[in-house]
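Trainee: The sequence isn't on hand, but the structure is:
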């Protein structure tokens, strides 16, 4: 059983399109995150939700909108995709604040 | 803001020890972590250390923390080819409601046969 699963794993799309990435965790964790990893492997937090409530919202264009229908799911919707949005997007979850994040396998987004 | 820095690349021979270094700027960091990322996968927590500790050992892994110099290192003894991966150092603050990890840029470890 995959603990944190993301779909799709690969996404290739044209500039200007709107796309979504879905994430689900079956660990019973209260907190979920979206991270962006660029081509140089630099990892930066985008959003964090705790029990469906947004608690971290880093400087991210408002074209990116997270949605948490319940505490096991955190989806990422991106409007009007740009070339610079090409990256690997990782979903993660955690329970108690020990700093142990459980990551999904990543969703590689390529914008042409 | 917080800053975490690592060298980008390290190559070692199989069987040798690897030492991956990290420096951080946030003096209020209370937890420091090492994560491992294998190709095509997400990050996995390897180990972590509280800021009131100097050293932590876990099988082949030894973490050293010099809080005065804000320097963290990860030593992997008897490095194997399966240890080839990217290793990320990360730190977190303990105060405030918006707790988050700040990751370093990652060190690509290549183990040569």
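Mentor: Cool, the structure landed. What you see is a predicted model; the values in this text were computed from it and never measured.
Trainee: Next, the contact list for the residue nearest to residue B:113 when sequence neighbours are not counted, please.
Mentor: The shortest distance from residue B:113 to any non-neighbouring residue, by Cβ to Cβ, 6 or more residues apart in numbering or on different chains, is to residue B:14 (5.4 Å). Heads up, the C-betas are built off the backbone N, CA and C, glycines and all. Counting by Cβ atoms under 8 Å, 6 or more residues apart in numbering or on different chains, residue B:14 touches B:79-81, B:111-113.
Trainee: In PyMOL, select just the buried ones from those residues.
Mentor: The PyMOL command for the buried members of the contacts of residue B:14 (criterion: 16 or more other Cβ atoms under 10 Å in any protein chain shown) is given here:
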select buried, chain B and resi 79+111
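Trainee: Turn the contacts of residue B:14 into TSV, columns for distance to residue A:55 and pLDDT.
Mentor: Below are these laid out as TSV (distance: Cβ to Cβ, whole Å; pLDDT from 0 to 100):
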residue	distance to residue A:55	pLDDT
B:79	39	98
B:80	39	97
B:81	40	95
B:111	39	97
B:112	44	95
B:113	46	90
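Trainee: Quick check, pLDDT for the closest residue to chain A within chain B.
Mentor: Closest contact between chain B and chain A, by Cβ to the nearest Cβ, is at residue B:42 (2.9 Å). If you check residue B:42, the pLDDT there is 91.
Trainee: go on, residue B:77?
Mentor: So, for residue B:77, pLDDT stands at 97.
Trainee: Same check on residue A:58?
Mentor: pLDDT, residue A:58: 78.
Trainee: do residue A:96 as well
Mentor: What the model reports for residue A:96 is a pLDDT of 64.
Trainee: Spell out which residues of chain A are next to chain B.
Mentor: Applying Cβ under 8 Å from any Cβ of the partner chain, we find that chain A lies next to chain B at A:4, A:40-45, A:48, A:55-56, A:90, A:92, A:97-101, A:103-106.
Trainee: Please spell out the ChimeraX selection for the buried subset of those residues.
Mentor: Per 16+ other Cβ under 10 Å, the buried members of those correspond to this ChimeraX selection:
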select /A:4,41,43,45,48,56,90,92,99,100,101,103,104,105,106
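Trainee: hmm, back to that, list the contacts of the residue of chain B closest to chain A.
Mentor: Contacts of residue B:42 by Cβ under 8 Å, 6+ apart are A:4, A:90, A:92, A:103-106.
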